[in-house]
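# please find the sequence and the predicted model below.
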Amino acid sequence: MTHPAIAVTGLRKSYGDKLVLDGVDLTVMEGSVFALLGPNGAGKTTTVQILSTLIPCDAGHIRIAGHDPARDPDAVRDVIGVTGQFSAVDNLLTGEENLRLMADLRHLDNRTGRERAARLLRQFDLADSSRKPVSTYSGGMRRRLDLAMTLIGEPRVIFLDEPTTGLDPRSRRAMWETIRSLAAQGVTILLTTQYLEEADQLADQVALLDRGHIVAQGRPDELKRLIPGGHIRLQFNDVQCLEAAAHALDGSHRDDEALTLQIASDGGVASLRTLLDRLDRARIEVAELSVHTPDLDDVFLALTGERTAP
């Protein structure tokens, strides 16, 4: 069984009169991807800064891989890696020099530093550009190098603060594959993002943060079922089948022109099985079936009254 890699209870942080975090609770299991989702100003970056020992909290209990950041910040720093919203690479150095510099900062010996730098350059498809100045790199290359620098110390827990901001779709998807690969290797990842698709694609668990509060938390599919609007859409080949299905399924909404029937549903397996059983008993043939559920943006809008997109 896995254990919590990140455990947070009652996290609070204020800047003057502005309360940024107000009693945040989070549990992130080892080897999982946890997405902290919310709009600008929700407190996502502040949460990452506290958990990565960059700033102190005002109140709360925190454990990162079993260590308390307040009492033993060095122990926490030994097991974590952080990639912020903005690239931390040095434009005047080459990709290889950036990695070697980070290896030195991690107090790795020369041989280990060289070996890890070479491996990461290959892993992130940067080997051919390793001796070129970073100033010549594209945005996607810079972000890959940034993450490679985070991994030079082989961290057990990684904080990714909006890692794909500003990337084109191809570079974003390449970063997603990297994140999935890291999680498959047992690395724990806490990801902050404003992109709904990103959280949906990557996260085992999602927490919706709004005005310093966690307003909902769970698997993406669980969160989508919190609000109404889900339905199953049935397509028929002829009006006779449509008519029979409409009589058999009370409360459905029919579209005679499109030959479709819409039935309210949470999109779960149980409700889908029940519907199919009813159709089978009535001997009604369906040409096509599709399940439609609310997305995470719908969930956030329903819970907070605003959308997550900037």
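Thanks, I have the structure now. Numbering: from 1, shown residues only.

# who touches stretch 267-274?
Asp221, Lys224, Arg225, Gly230, Ile232, Ser265, Val291, His292, Thr293 (C-beta atoms under 8 Å, 6 or more residues apart in numbering). Just so you know, the C-beta spots here come from the backbone N, C-alpha and C atoms, and that holds for glycine as well.

# also stretch 215-235?
For stretch 215-235, using C-beta under 8 Å, 6+ apart, the contacting residues are 199-200, 203-209, 245, 258-268, 271-272, 275, 286-296, 298-299, 302-304.

# ok, of the residues you listed, which come out buried?
199-200, 203, 205-209, 245, 259-263, 265-267, 271, 275, 286, 293-296, 298-299, 304 (16 or more other C-beta atoms under 10 Å).

# so which of the residues you listed are in helices?
Mapping the buried ones among the contacts of stretch 215-235 onto helices (DSSP state H) picks out Ala199, Asp200, Ala245, Ser271, Leu275, Leu296, Asp298, Val299, Thr304.

# and the strands in the stretch 151-300 of the chain, which stretches?
157-161, 188-193, 205-210, 213-218, 231-235, 253-255, 260-264, 288-292 (DSSP state E, counting those that start in this stretch).

# kindly reformat these as TSV containing mean pLDDT and distance to Leu92.
Output for the strands of the stretch 151-300 of the chain, formatted as TSV (pLDDT from 0 to 100; distance: least, C-beta to C-beta, whole Å):
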stretch	mean pLDDT	distance to Leu92
strand 157-161	94	24
strand 188-193	94	29
strand 205-210	92	37
strand 213-218	91	41
strand 231-235	90	56
strand 253-255	90	62
strand 260-264	89	59
strand 288-292	87	51
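
# how close does Gly140 sit to Ala184?
21 Å (C-beta to C-beta, to the nearest Å).

# same drill for the two, tell me which one is more crowded.
Gly140 (18 against 9; other C-beta atoms under 10 Å).
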